[in-house]
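[1] following is a predicted model, sequence given first.
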Amino acid sequence: MTQSSYPSLRLRRTRTSRWSRAMVAETSLSPANLIWPLFVTEGEQVEEPVLTLPGVSRWSVDNIVARAKEAAELGIPCIALFPNTPAHLRSERGEEATNADNLMCRATRAISAAVPDIGILTDVALDPYTAHGHDGIVDDRGRVLNDETMAVLVEQALVLARAGASIIAPSDMMDGRVGAIRIALEAEGFHDVQIMAYAAKYASAFYGPFRDAVGSGGLLKGDKRGYQMDPANAEEALREVALDLAEGADTVMVKPGLPYLDIIRRVKERFEVPVFAYQVSGEYAMIEAAVAAGAGDRDALVLETLLAFRRAGCSGILTYHAAHAARLLRT
């Protein structure tokens, strides 16, 4: 196709006015594209600031219900819950994960009763429950055992579904766990419970503040490179996504977010399914550090990074800035 050239073609013409920029914008961002991760802790009327995540707190169950109501009022369709399990309930095999009255289940039941129209995403992995900080059961040689872990993850998923979870999100990166969880959910009649697979979860340096928030910071023995993905690999991410979709995942996630926009784009183009990204704790903390240092404007940084996820192909983004972004988008 033959195109005009300057001066007949001036690409700035459609940029000159706000109304025109809005009219030709290729990508949109709204509160409906956001999922708000929230940390649950024991007690009543508790708010515990997370020092490495300025502006983020752990909330007791009563206060997490208030945050869910806030999310609904802001137009955020879904919240994601993560527990700060007390040290005395952590064990080598993470048995507290399958306790039907654990923090996650109590919070899920409370939110379901108080805010029935909001989605509740519940993480499935053992790292918030293990004494060693790994996502699964570890043998005497320090290896995370895939099949033994998977059996526990299935039971964990079931107790969360029984508590009222809308989305089960396996973040452990064990092989075969999506299929096993899907079979178990179907067998118990949870036909409408979604699975959002952490399909391409990388062994990243950006997770540190999250581990502080869930109480596993300093506990991890070794690293997670034996089961989380190598940041050097892209083709492997496509294989992981293909397997999870074949096993019954409804949606897939790439984690972390901004350093892996290329993976998001490739997954979206290859599979044409809803793709989500997790703007992880280290990404959030860097924005907040830049703001604190006077090196950037929070509002502009937040909206630009979230728009980048949408431009890359994300249906939605898990972000600790969700409530802040939703307020900006509603003004």
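    Received, thanks.
[2] alpha carbons of stretch 314-323, as CSV, please.
    Taking only C-alpha atoms (Å, rounded to 0.1, in the frame of the first residue of the first chain), the coordinates of stretch 314-323 have been written out as CSV:
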residue,chain,number,x,y,z
CYS,A,314,-2.6,-8.9,29.0
SER,A,315,-6.3,-9.3,29.8
GLY,A,316,-5.5,-8.3,33.4
ILE,A,317,-2.7,-7.5,35.8
LEU,A,318,-2.1,-8.5,39.4
THR,A,319,-0.6,-5.4,41.0
TYR,A,320,-0.2,-3.9,44.5
HIS,A,321,-1.0,-0.6,42.9
ALA,A,322,-4.5,-1.8,41.9
ALA,A,323,-6.5,0.4,44.3
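[3] next up, the contacts around the residue nearest to Tyr320 when sequence neighbours are not counted.
    Leaving aside its sequence neighbours, Tyr320 sits nearest to Tyr284 (CB to CB, 6 or more residues apart in numbering; 4.5 Å). Any C-beta I mention is one placed from the backbone N, CA and C, and that applies to glycine too. Taking CB atoms under 8 Å, 6 or more residues apart in numbering, we find Tyr284 in contact with 53, 56, 209, 319-321.
[4] contacts for the host helix or strand of Phe309?
    Assigned by DSSP states H and E, Phe309 belongs to helix 298-312. Outside helix 298-312, the residues that touch it by CB under 8 Å, 6+ apart are 26-29, 33-34, 257-258, 261, 264-265, 268, 277, 279, 283, 287-288, 290-291, 317, 319, 321, 324-325, 328-329.
[5] could you redo the contacts of Tyr284 as a markdown table and give each row secondary structure?
    What follows is these, written out as a markdown table (DSSP: H, G, I helix; E, B strand; the rest coil):
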| residue | secondary structure |
| --- | --- |
| Leu53 | coil |
| Val56 | coil |
| Pro209 | helix |
| Thr319 | strand |
| Tyr320 | coil |
| His321 | coil |
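[6] how about those in JSON lines, adding distance to Glu148, pLDDT and neighbour count?
    Below are the contacts of Tyr284 laid out as JSON lines (distance: CB to CB, whole Å; pLDDT from 0 to 100; neighbours: other CB atoms under 10 Å):
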{"residue": "Leu53", "distance to Glu148": "32", "pLDDT": "95", "neighbour count": "21"}
{"residue": "Val56", "distance to Glu148": "33", "pLDDT": "97", "neighbour count": "23"}
{"residue": "Pro209", "distance to Glu148": "30", "pLDDT": "93", "neighbour count": "22"}
{"residue": "Thr319", "distance to Glu148": "34", "pLDDT": "98", "neighbour count": "27"}
{"residue": "Tyr320", "distance to Glu148": "33", "pLDDT": "98", "neighbour count": "28"}
{"residue": "His321", "distance to Glu148": "37", "pLDDT": "98", "neighbour count": "25"}
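[7] closest to Glu44 among the residues you listed?
    Glu44 has its nearest neighbour among these in Val56, at 20.0 Å by CB to CB.
[8] now do the contacts for that closest one.
    39, 49-50, 213, 284, 320.
[9] so which two of those are the farthest from each other?
    Pro49 and Tyr284 (13.9 Å).
[10] of the contacts of helix 298-312, buried ones?
    29, 33-34, 257-258, 261, 264-265, 268, 277, 279, 283, 287-288, 291, 317, 319, 321, 324-325, 328-329 (16 or more other CB atoms under 10 Å).
[11] mind checking which of those are in strands?
    Of those, the ones assigned to strands by DSSP state E are 34, 277, 279, 317, 319.
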